[in-house]
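Engineer: Give me a model of this one.
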Amino acid sequence: MRPVQVSFAKLFNLGDFQNHRIEITAYVPPDVDPQQVLQECEDWVQRQHDSILGEERRAAQERRDLERVRDWRRAMINNLGGLRTTLERLERELLPAADQRPYNDAVEMGLEHEPEDATGL
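Structural biologist: Presented below is the predicted three-dimensional model:
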């Protein structure tokens, strides 16, 4: 008796108590060896698994990349907070000394002329 169809199934362990089953059934033509059809089915199942696994790996890599970007963003926010604190401290320390200068910035930059003395000379 010659087989009319063959089936091949494989259960793949995904971890965390999860499995993935892939199965294929193929009809065997009269002039083809059933072993050859079965081997083709096995190859097809493996290619499907590799394809799914590749997609899962890409998705996992994208999740890792996203987490790296989030970590970088948090670090930048923390750095900006530290810079803001330093800037505020420096402003408190340096600006009172700047306010005590005998001239103002507009005069220093040439936007205004220094006041003439009372004699007008």
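Engineer: residues of stretch 4-22 that come out buried?
Structural biologist: 6, 8, 22 (16 or more other CB atoms under 10 Å). All C-beta atoms are positioned from the backbone trio N, CA, C, and that covers glycine.
Engineer: Would you format those as CSV with pLDDT and distance to residue 40 included?
Structural biologist: Formatted as CSV, those follow (pLDDT from 0 to 100; distance: CB to CB, whole Å):
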residue, pLDDT, distance to residue 40
6, 94, 9
8, 94, 9
22, 93, 14
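Engineer: The longest helix seen in the chain packs against which elements?
Structural biologist: Longest helix of the chain, by residue count under DSSP state H: helix 34-99. Using 3 or more CB pairs under 8 Å, 6 or more residues apart in numbering; DSSP states H and E, the elements in contact with helix 34-99 are strand 5-15, strand 18-27.
Engineer: closest to residue 33 out of those?
Structural biologist: strand 5-15 (10.5 Å; CB to CB).
Engineer: how far is the closest one from where the chain is centred?
Structural biologist: Counting by CA atoms, centre = their mean, to the nearest Å, strand 5-15 is centred 33 Å from the centre of its parent chain.
Engineer: Counting by contacts, list what that strand packs against.
Structural biologist: Partner elements for strand 5-15 (3+ CB pairs under 8 Å, 6+ apart): strand 18-27, helix 34-99.
Engineer: Looking at those, spot the one closest to residue 2.
Structural biologist: Closest among the helices and strands packed on strand 5-15, once you apply CB to CB, is helix 34-99, at 7.2 Å.
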